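*Asks:* Prediction below, plus the sequence it came from.
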Amino acid sequence: MASTRGEFSSRFGFLMAASGSAVGLGNIWGFPTNAATNGGAAFLFAYLILAFALAYPALMAELIIGRHARANAVTALRLISRSKRSRVLGTIVGLTGILTVSFILSFYAIVSGWMMAFFFDPLARLMGMDGLAKWLTQDAELRNSIFALLFMALTVFIISAGVKNGIEKWASRLMPSLIIILLLLILYVFTLPGATEGLRAYLVPDFSRIADPALLVDAMGQAFFSLSLGVGTMLIYGSYISKREDLPTIGGLVALLDVGIAVLAGMLILPAMYVALANGVEIFDATGGLIAGPGLIVSVLPALFATMSGIGLFVGVAFFALMTIASLTSSISMLEVPVAYGVEHHGLERRKAAIAIGSLIALISLVIVFNFDPLFDLVVTYTTEVSQPLLGFAFCIFVAWIWQRNDILSEIKQGSPEVESGLFWKIWPFYVKFICPVAILVVYFQ
Ligand code: TRP
């Protein structure tokens, strides 16, 4: 079995794939708006601390289990269990993760579909097809279904091609493009009137908010969602890393890239919002807070691009290309979780598994599209606010309390022989054993 498993061909390939998973709508949309509504740089500060103190150790837990077991979450958690009871628990946690990530993908595909529709809107206008452009930007069940399906089809296409020829190849193309587009957009927005005010709203801290439990809960949820934790995504990517790689270092690089791109995205979104304000677009909602929900991406920003005359079309295309790329490198990492399980546990052929599971998830997306009002928020809340933190907790318990310490050490040592005498091994085991589970529970019960 092991010889037929995929593997990332290089460190760069893994970094692009894993940071591609991490960097998604959560970074470019979630982080900046969370920061803006939670005291600006005070949120940034809390986020940085939580990301490195809590999310990074949890990320390492998944990467280490994954690479050790070289298998999907269910098989991996059973492998490190020593009693029958913990094996059963491993199966439950693994399967819950697979189910959770499938539901996350079902709503993620809908939102990513909007991004694709808005990407085509300026193109349609460039070609003089104003009717089409209007259809693309109007929130309707038909448009939402078509684009959710289109987006899922792209995701299935990449996953069908496997780890090296699908995930790695596409992430290595898309992630550098994403960073370039992001930097170009920031540079352009900085030249516009109002941008500095947005930067101020983002970077001047309101430290009175720092001890606010709501801020900490938001920052922690943001960090876990953003690093794709708790559902076996990072575990399965970890299972494709070569045994020669130094895990603490590459895990750290993934966390750095993720946080770095979130911080950069803040330097685009908030200045852009204040430029929109300077151009006469409404950016505050009825309660006086910044518009943060879907309205920000699908109305404030398009309204801003519309005030930019000709160049606005190009800025719009670039911005929604950025969003679509960010979504796609994340969605493939979600679909890989159930597909790897189907392939390894049930002997399915990869392409067939990708198509079958992708279709099933697309069907759930359609059910949500046609029952948007109760279902969308329900699915988002249950998966990201209930299931994900609890699973993150369970992963920490598995690594720190069920798996043997010596086995963990020898796993890490394979690519990092010096690790035992370094800082990582002095701090990390203690962290996943005590600090992470307690912190997750505290935040959860807030
Ligand atoms: N991290 C991605 C984002 O920020 C989303 C994502 C990818 C994800 N894989 C995941 C979220 C697994 C939760 C679980 O948008």
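*Replies:* Arrived safely, thanks for sending. Numbers count the residues shown, from 1 in each chain.
*Asks:* Please pull up the helix or strand immediately following the longest helix along the chain.
*Replies:* Ordering each helix of the chain by length in residues (DSSP state H) puts helix 84-126 first. Under the assignment DSSP states H and E, the closest C-terminal helix or strand after helix 84-126 is helix 130-137.
*Asks:* follow-up on the earlier one: avg pLDDT for the longest helix of the chain?
*Replies:* Mean pLDDT, helix 84-126: 96.
*Asks:* can you check stretch 140-149 too?
*Replies:* pLDDT averaged over stretch 140-149 gives 97.
*Asks:* same check, this time on stretch 301-313
*Replies:* Here stretch 301-313 scores 91 as its mean pLDDT.
*Asks:* Distance across it, terminal residue to terminal residue?
*Replies:* Stretch 301-313 has an end-to-end distance of 12 Å (C-alpha to C-alpha, to the nearest Å).
*Asks:* coming back round to it: could you see whether the ligand lies near the longest helix of the chain?
*Replies:* Yes - applying C-beta under 6 Å from any ligand atom, one finds helix 84-126 in contact with the ligand at 101, 104. Using the backbone N, CA and C atoms, a C-beta is placed for each residue, glycine as well.
*Asks:* between that helix and helix 130-137, how big is the angle?
*Replies:* 160 degrees (axes from the mean of the first three to the mean of the last three C-alpha atoms, to 10 degrees).
*Asks:* ok now helix 84-126, how far from the chain's centre?
*Replies:* How far helix 84-126 lies from its chain's middle: 10 Å, per C-alpha atoms, centre = their mean, to the nearest Å.
*Asks:* Stretch 275-284 too?
*Replies:* 29 Å.
*Asks:* what's the first-to-last distance across that stretch?
*Replies:* Taking C-alpha to C-alpha as the criterion, the two ends of stretch 275-284 lie 13 Å apart.
*Asks:* For it, give the mean pLDDT please.
*Replies:* pLDDT averaged over stretch 275-284 gives 93.
*Asks:* residues making contact with it?
*Replies:* Residues outside stretch 275-284 that contact it (C-beta atoms under 8 Å, 6 or more residues apart in numbering) are 189, 192-195, 197-198, 273-274, 290-291, 300-301, 303-304, 307-308.
*Asks:* Tell me which entries of the residues you listed lie within helices.
*Replies:* Counting by DSSP H, the contacts of stretch 275-284 place 189, 195, 197, 198, 273, 274, 301, 303, 304, 307 in helices.
*Asks:* hmm, which two among the residues you listed are most spread apart?
*Replies:* Spatially, the most separated pair among the ones in helices among the contacts of stretch 275-284 is 197 and 303, at 17.6 Å (C-beta to C-beta).
*Asks:* Burial check on the residue of the stretch 101-250 of the chain found nearest the ligand, number of neighbours?
*Replies:* Per C-beta to the nearest ligand atom, residue 228 is where the stretch 101-250 of the chain lies closest to the ligand, at 3.4 Å. Residues contacting residue 228 under the criterion other C-beta atoms under 10 Å number 31.
*Asks:* So, low pLDDT: which residues of this protein?
*Replies:* Filtered on pLDDT under 70, the chain yields the residue ranges 1-4.
*Asks:* interface residues of it facing the ligand?
*Replies:* Checking the chain against the ligand by C-beta under 6 Å from any ligand atom, the hits are 21-22, 24-27, 101, 104, 225-226, 228, 231, 233, 330, 333-334.
*Asks:* Just the buried residues from those residues, in ChimeraX please.
*Replies:* To isolate the buried ones among the residues of the chain next to the ligand in ChimeraX, judged by 16 or more other C-beta atoms under 10 Å, type:
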select :21,22,24,25,26,27,101,104,225,226,228,231,233,330,333,334
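*Asks:* Could you check how far residue 126 is from residue 320?
*Replies:* For residue 126, the distance to residue 320 equals 14 Å [C-beta to C-beta, to the nearest Å].
*Asks:* The two: which has the busier surroundings?
*Replies:* Shown here are residue 126 and residue 320; by other C-beta under 10 Å, residue 320 has more neighbours (24 against 13).
*Asks:* Next SSE downstream of whichever helix or strand that one is part of?
*Replies:* Using DSSP H and E, residue 320 maps to helix 309-346. Counting by DSSP H and E, the next helix or strand C-terminal to helix 309-346 is helix 350-370.
*Asks:* Okay, buried residues for that following helix please.
*Replies:* 350-351, 353-358, 361-362, 364-366, 368-369.
*Asks:* Just give me the closest of those residues to the ligand.
*Replies:* Using C-beta to the nearest ligand atom, these come closest to the ligand at residue 361, 13.2 Å.
*Asks:* Go ahead and confirm that closest one touches residue 108.
*Replies:* No - counting by C-beta atoms under 8 Å, residue 361 stays clear of residue 108, with 9.7 Å between them.
*Asks:* who touches stretch 299-311?
*Replies:* With contacts defined as C-beta under 8 Å, 6+ apart, stretch 299-311 is touched by 118, 121-122, 137, 272-273, 275-276, 279-283, 291, 312-313, 315-316, 319.
*Asks:* how about residue 241, what does it touch?
*Replies:* 7, 8, 14, 63, 66, 67, 247, 250.
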